[in-house]
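Engineer: Sequence plus predicted model, see below.
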Amino acid sequence: MTRLSLALATLAAALAVAPAARADQFIYLDLQQARAALARLRAGDVVHHYCAPCGDAKSERMTVRSLGIDRVWDRDSAAQPYNSDGLTFWVVELNDVGVDLAYVYVREGGQWRNLAALLGLQPWRVPAVLPKERVGTRWRCGTPRDPDPGNPYFPQLDAPRDPCPLDPPGAGTPPVGDPGWR
């Protein structure tokens, strides 16, 4: 084998066994994990969303206005819970949006700590404490359900206090395609 082909074979083998960056880590939870997450959160808390594996430069702040858990359904219009290996899964919702606990940071002991790590879930390639240089000043107001850039609920820049409206238009109205089973 030539040096080049040996180097290419080694590189291909290394890439084959290297773990890929994970985007969804702890969005689907068992009921005990979901309840433990709710016990760490309160309405009125400010949390930070930061996804290191996604390449986020800074976190986004969000005031928790509502929180709860929702069962993960098989399909949007299904009448059965999603089931894998005999388990039913749940998702934690902050402001009516499901969140991945691996990318949520809560204030504890003067630092922003990773919620999944606090619950003992061992997130992958995620800092246990949000580095100070990654703490952002943007507020996350919107949901991915409304991609309109004119939507006032999308990230707001550098506001000293939460600029998000308390009661967005259409609040309480399930989005189209949402079965409303909550």
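Structural biologist: Done, it's in.
Engineer: So what does residue 117 have for phi and psi?
Structural biologist: Per-residue torsions, residue 117: phi -60, psi -40 (degrees, to the nearest 10).
Engineer: is it true that it touches residue 125?
Structural biologist: No - here residue 117 lies out of contact with residue 125, judged by CB atoms under 8 Å, at a distance of 11.9 Å. Any C-beta I mention is one placed from the backbone N, CA and C, and that applies to glycine too.
Engineer: Those two: which is more packed in?
Structural biologist: Neighbours per residue, other CB atoms under 10 Å: of residue 117 and residue 125, the larger number sits with residue 117, 18 against 12.
Engineer: Excluding chain neighbours, what is closest to that one?
Structural biologist: Excluding the flanking residues, the one nearest residue 117 by CB to CB, 6 or more residues apart in numbering is residue 128, at 4.6 Å.
Engineer: where's the one you found relative to residue 34, distance?
Structural biologist: Distance, residue 128 to residue 34, using CB to CB, to the nearest Å: 21 Å.
Engineer: more neighbours, the two?
Structural biologist: Just comparing residue 128 and residue 34: by other CB under 10 Å the higher neighbour count belongs to residue 34, 23 against 13.
Engineer: my read is that one is in a helix, agree?
Structural biologist: Yes - checked against DSSP: H, G, I helix; E, B strand; the rest coil, residue 34 lies within a helix.
Engineer: now it: how far from residue 125?
Structural biologist: Distance check for residue 34 against residue 125: by CB to CB, it reads 23 Å.
Engineer: check contacts around the residue nearest to residue 117.
Structural biologist: Residue 128 makes contact with 113, 114, 117 under the criterion CB atoms under 8 Å, 6 or more residues apart in numbering.
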